[in-house]
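S.K.: Predicted model and sequence below, questions to follow.
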There are 2 protein chains.
Amino acid sequence: MNIQTDRTSFEARLRKIGDELYHDKHPFHILLHSGGCTIDQVRAWVVNRYYYQSRIPMKDAAFLSRVEDPNLRRIWRSRIEDHDGREEGTGGIMRWLKLAEGVGLDPDYVASARGVLPATRFAVDAYVRFVRDMPLLDAVAASLTELFAPAIHEQRIAGLLKHYDFANDDTIAYFKHRLSEAPRDVAFGLGWVLDHAQTAKEQDAAANALIFKTQVLWAQLDALYHAYVSPRHIPPGAWHPEEGLL
Amino acid sequence: MNIQTDRTSFEARLRKIGDELYHDKHPFHILLHSGGCTIDQVRAWVVNRYYYQSRIPMKDAAFLSRVEDPNLRRIWRSRIEDHDGREEGTGGIMRWLKLAEGVGLDPDYVASARGVLPATRFAVDAYVRFVRDMPLLDAVAASLTELFAPAIHEQRIAGLLKHYDFANDDTIAYFKHRLSEAPRDVAFGLGWVLDHAQTAKEQDAAANALIFKTQVLWAQLDALYHAYVSPRHIPPGAWHPEEGLL
């Protein structure tokens, strides 16, 4: 197999992982995007997904802390800027807190990360540790779930606007921004992985990293579904309906 | 002792550490700033100090990766931007490579970090690990050597311009930029440490972290002096005069 064929088939292998394992197919998302969630279930999702959002810049900083090339660091740094903002009161995390407010949650409660399901923390923290500890190739490959993110964000924007009263330009601003941010990031990340995964062993490692990341995302929705979709099994200490409201 | 007195005396304690232990008093710096260095000794300093510069953004990213507050992350992020630049070809690391070129070294050789003294690596890597592993208070306190940096940069700018042919606006741009960057950073860092070191135990930890950092800086110059100031004891594999020249 020549190098170009190999590159093309390796990219196809990565994309197939998304087709089969990405969390757009999770029953919780199907419920959410089709208007089947109660407001409590939406709130539970907002509370838990906040924890994931809040750890993404820490994950990206852990990556930066291991990169020796100033150019790679500079390019990757834009991810942190997207989430933390360039000035006070801007950025993806702030936009997520607007969504929290829009669904009737106190943004300070959500930002405190009290009430986050332990299983959410375990999954998210596993991702941060993975990026901190594993080879850079694996860390970049794990970020490639962004290949599949624009489709889910499109579905989500349409589904939320169609089915829920809280959805408007302000509350869904987070997802709209991701529509332009994620493709720019993933174009770079995909190119980097295709360039750096040269051997079969490296390609396997990158593919496994991407599979690992789909598990990080899927496990969060499993925990959410088990806790908040009927019959509810809310574990001790996790968010309860009526808690943390505005 | 009331809180304000305590804050004032704690700040004085930190400043005294600088008076006694900061590397402006190291014989190598006295030689460098007074025009006593040969061009080879200047080059050896540029090669080794580059390694410190190159690790500072990684150290700051390691710090960011542990900060849960998006505002603190955003403020701290400017340190990484100062070193890595906002666009390609800008930033403190690039300015250091201009100095490298100015003293006749191949910037690619310097950027490769080949020839860096092992003792330089050990000291610098110890600092990065310290920031990655220790409490945030200790990590911020370690950065407070910047309190003492403007004075040494003033001396250095004046000393280099007076004594060395290679010194001009281009080659000393790194130090000129630090004159405005460091005071802004340290004003924030000092306030943060004074706010967060509330107990005697915390104040001791912060003071010890600052002492540790002065050791990181001093040890690098000890290694440089031993290797390159007469009689020279250059260890195997370290930069040799005539190596890596333009």
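M.R.: Perfect, thanks for sending it. Here the structure is a predicted model, which is why all the values come from computation and not from measurement.
S.K.: Could you measure from A:Arg178 over to A:Ile56?
M.R.: Distance, A:Arg178 to A:Ile56, using CB to CB, to the nearest Å: 11 Å. C-beta coordinates here come from the backbone N, C-alpha and C atoms, glycine included.
S.K.: again, but for A:Leu144
M.R.: Going from A:Leu144 to A:Ile56 by CB to CB gives 14 Å.
S.K.: go on, A:Val193?
M.R.: 18 Å.
S.K.: More neighbours: which of these two?
M.R.: A:Val193 (26 against 20; other CB atoms under 10 Å in any protein chain shown).
S.K.: Need the pLDDT of that one.
M.R.: A:Val193 is assigned 98 on the pLDDT scale.
S.K.: Using neighbour counts, pick out the buried residues of the host helix or strand of it.
M.R.: According to DSSP states H and E, A:Val193 maps onto helix A:173-196. For helix A:173-196, the neighbour count (16 or more other CB atoms under 10 Å in any protein chain shown) marks A:173-175, A:178, A:181-182, A:185-186, A:188-190, A:192-194 as buried.
S.K.: before we move on, could you check phi and psi at A:Val103?
M.R.: phi -90, psi 10 (degrees, to the nearest 10).
S.K.: Verify the contact between it and A:Arg43 for me.
M.R.: Yes: contact criterion CB atoms under 8 Å: A:Val103 and A:Arg43 qualify, at 5.3 Å.
S.K.: which ones are touching the closest residue to A:Glu11 other than its chain neighbours?
M.R.: Ranked by CB to CB, 6 or more residues apart in numbering or on different chains and with sequence neighbours excluded, the top spatial neighbour of A:Glu11 is A:Leu194, at 6.2 Å. Each residue near A:Leu194 by CB atoms under 8 Å, 6 or more residues apart in numbering or on different chains is listed here: A:Arg7, A:Phe10, A:Glu11.
S.K.: And for the last one, the neighbour number?
M.R.: The local packing count at A:Glu11 equals 15, with neighbours defined by other CB under 10 Å.
S.K.: which SS state does it fall under?
M.R.: Three-state call for A:Glu11 (DSSP: H, G, I helix; E, B strand; the rest coil): helix.
S.K.: hang on, isn't it packed against A:Leu190?
M.R.: Yes: counting by CB under 8 Å, A:Leu190 is a contact partner of A:Glu11 at 7.2 Å.
S.K.: Please report phi then psi for A:Leu245.
M.R.: Torsion angles, degrees, to the nearest 10, at A:Leu245: phi -80, psi 160.
S.K.: what's near enough to touch A:Val131?
M.R.: Here A:Val131 is in contact with A:Lys59, A:Asp60, A:Ala62, A:Phe63, A:Ala139, A:Ala142 (CB under 8 Å, 6+ apart).
S.K.: A:Gln215 now?
M.R.: A:Gln215 touches A:Leu21, A:Ala123, counting by CB under 8 Å, 6+ apart.
S.K.: one more time with 10 Å, if that's ok
M.R.: The contact partners of A:Gln215, by CB atoms under 10 Å, 6 or more residues apart in numbering or on different chains, come to A:Leu21, A:His23, A:Ala123, A:Ala126, A:Tyr127, A:Asp222.
S.K.: ok, how many other residues are close to the closest residue to A:Ala167 other than its chain neighbours?
M.R.: Of all residues not flanking A:Ala167 in the chain, A:Leu160 sits nearest, at 4.0 Å (CB to CB, 6+ apart). Per other CB under 10 Å, the neighbour tally for A:Leu160 reads 22.
S.K.: For A:Leu160, identify the helix or strand it belongs to.
M.R.: helix A:149-163.
S.K.: Please enumerate residues in contact with that helix?
M.R.: By CB under 10 Å, 6+ apart, helix A:149-163 touches A:18, A:22-25, A:29-30, A:32-37, A:42, A:99, A:102, A:145, A:166-169, A:171-172, A:174-183, A:185-186, A:217.
S.K.: circling back: any chance of the contacts of A:Leu194 in JSON lines, plus pLDDT?
M.R.: Formatted as JSON lines, the contacts of A:Leu194 follow (pLDDT from 0 to 100):
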{"residue": "A:Arg7", "pLDDT": "94"}
{"residue": "A:Phe10", "pLDDT": "97"}
{"residue": "A:Glu11", "pLDDT": "97"}
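S.K.: what's the closest of those residues to A:Tyr50?
M.R.: Closest approach to A:Tyr50 among those (CB to CB): A:Glu11, at 32.4 Å.
S.K.: you'd agree the closest one is up against A:Asp195?
M.R.: No: assessed by CB atoms under 10 Å, A:Glu11 is found out of contact with A:Asp195, at 11.6 Å.
S.K.: pull the CA atoms of stretch A:56-73 into CSV?
M.R.: Only the C-alpha atoms of stretch A:56-73 are listed here, as CSV (Å, rounded to 0.1, in the frame of the first residue of the first chain):
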residue,chain,number,x,y,z
ILE,A,56,-11.7,21.0,28.4
PRO,A,57,-9.4,24.0,28.9
MET,A,58,-7.6,22.2,31.7
LYS,A,59,-7.1,19.2,29.3
ASP,A,60,-5.8,21.5,26.6
ALA,A,61,-3.4,23.2,29.0
ALA,A,62,-2.2,19.7,30.1
PHE,A,63,-1.5,19.1,26.4
LEU,A,64,0.3,22.4,26.0
SER,A,65,2.4,21.7,29.1
ARG,A,66,4.0,18.8,27.2
VAL,A,67,4.5,20.4,23.8
GLU,A,68,8.1,21.5,23.1
ASP,A,69,7.3,23.3,19.8
PRO,A,70,6.2,27.0,20.3
ASN,A,71,4.3,26.9,17.0
LEU,A,72,2.2,23.9,17.9
ARG,A,73,1.5,25.4,21.3
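S.K.: does any bit of that stretch sit next to chain B?
M.R.: Yes: residues of stretch A:56-73 contacting chain B under CB under 10 Å from any CB of the partner chain: A:57-73.
S.K.: Surely A:Asp125 touches A:Tyr51?
M.R.: Yes: A:Asp125 lies in contact with A:Tyr51 (CB under 10 Å); the separation is 9.2 Å.
S.K.: Could you check which of these two has the larger neighbour count?
M.R.: A:Tyr51 (19 against 15).
S.K.: Which pLDDT value goes with the more buried one?
M.R.: 98.
S.K.: What of A:Ala119?
M.R.: 96.
S.K.: what residues are up against the nearest residue in space to it that is not next to it in sequence?
M.R.: Leaving aside its sequence neighbours, A:Ala119 sits nearest to A:Ala223 (CB to CB, 6+ apart; 3.5 Å). A:Ala223 makes contact with A:28, A:44, A:48, A:116-123, A:233, A:235, A:238, according to CB under 10 Å, 6+ apart.
S.K.: give me the element A:Ala223 is part of.
M.R.: helix A:200-228.
S.K.: Going by neighbour count, which residues in that helix are buried?
M.R.: Buried residues in helix A:200-228 (16+ other CB under 10 Å): A:202-203, A:205-207, A:209-210, A:212-228.
S.K.: Was I right to think A:Glu20 contacts A:Leu14?
M.R.: No: counting by CB under 10 Å, A:Glu20 stays clear of A:Leu14, with 11.3 Å between them.
S.K.: Identify the contacts common to these two.
M.R.: With CB under 10 Å, 6+ apart, A:Glu20 and A:Leu14 have common neighbours A:Ile211.
S.K.: what about these two, which has more around it?
M.R.: A:Leu14 (20 against 10).
S.K.: Contacts for whichever strand or helix holds the more buried one, please.
M.R.: Element membership of A:Leu14, judged by DSSP H and E, is helix A:3-21. With CB under 10 Å, 6+ apart as the test, helix A:3-21 has contacts from A:1, A:24-25, A:141, A:144-149, A:151, A:190, A:193-195, A:197-198, A:200, A:202-204, A:206-211, A:213-215, A:217-218.
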